[in-house]
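A.B. asks: this one's structure only:
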């Protein structure tokens, strides 16, 4: 049995490393302590879950794609758009991911491999929603950084929204971009007499 669980435990360790891998795109706009890949993936999965329900898609598939989309970054780090310009990053992502799942139990390996192919192909509703969740999470993070005083974060507002495909993701961004992201907790903190 330990032969079967050791590769899974190794995957747990790699996933844990993502709690320390910072999203490098935010360095370009001057964030000193940007979110980690794990933080991004968590909120991306929450967004994916909501999008799947609202678009009548399979939330398990969407969330799984969201959670595992960047796991390869435990091995090759997160590369921002400037770095990707000079590297064949897609090939590196695919190689790292293939090696990560190679020793997993057959059922896990097959499912994760299929989800990866689906996400990359962008042909199913679930893969499109998972990608929308990824983009929407980036947009929300940019908005939060902008509202916290980083004017450069607003650069993400220009092109990223054009990549959203689902009606629901577009609606979320249209509403979120003009909304105060702190209002939910400010309302809870209001003093009542």
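C.D. replies: Good, I have the coordinates. All of these numbers come straight from a predicted model, not from anything done at the bench. Residues are numbered from 1 along each chain as shown.

A.B. asks: contacting residues for residue 164?
C.D. replies: 132, 135, 136, 170, 173 (Cβ atoms under 8 Å, 6 or more residues apart in numbering). (Glycine included, C-beta is placed from N, CA and C.)

A.B. asks: Skipping its backbone neighbours, what lies nearest the fourth one in space?
C.D. replies: Setting aside the residues directly before and after it, residue 170 is nearest to residue 164 in space (Cβ to Cβ, 6 or more residues apart in numbering), at 5.0 Å.

A.B. asks: Could you tell me the per-residue confidence at that neighbour?
C.D. replies: Residue 164 is assigned 98 on the pLDDT scale.

A.B. asks: What of residue 80?
C.D. replies: At residue 80, the pLDDT value in this model is 89.

A.B. asks: Any figure for the gap between it and residue 172?
C.D. replies: Distance of residue 80 to residue 172, given as Cβ to Cβ, to the nearest Å: 24 Å.

A.B. asks: ditto for residue 33
C.D. replies: 26 Å.

A.B. asks: Between those two, point out the one with more neighbours.
C.D. replies: The residue with more neighbours, out of residue 33 and residue 172, is residue 172; 21 against 8, by other Cβ atoms under 10 Å.

A.B. asks: ok, that one - contacts?
C.D. replies: 47, 51, 136.
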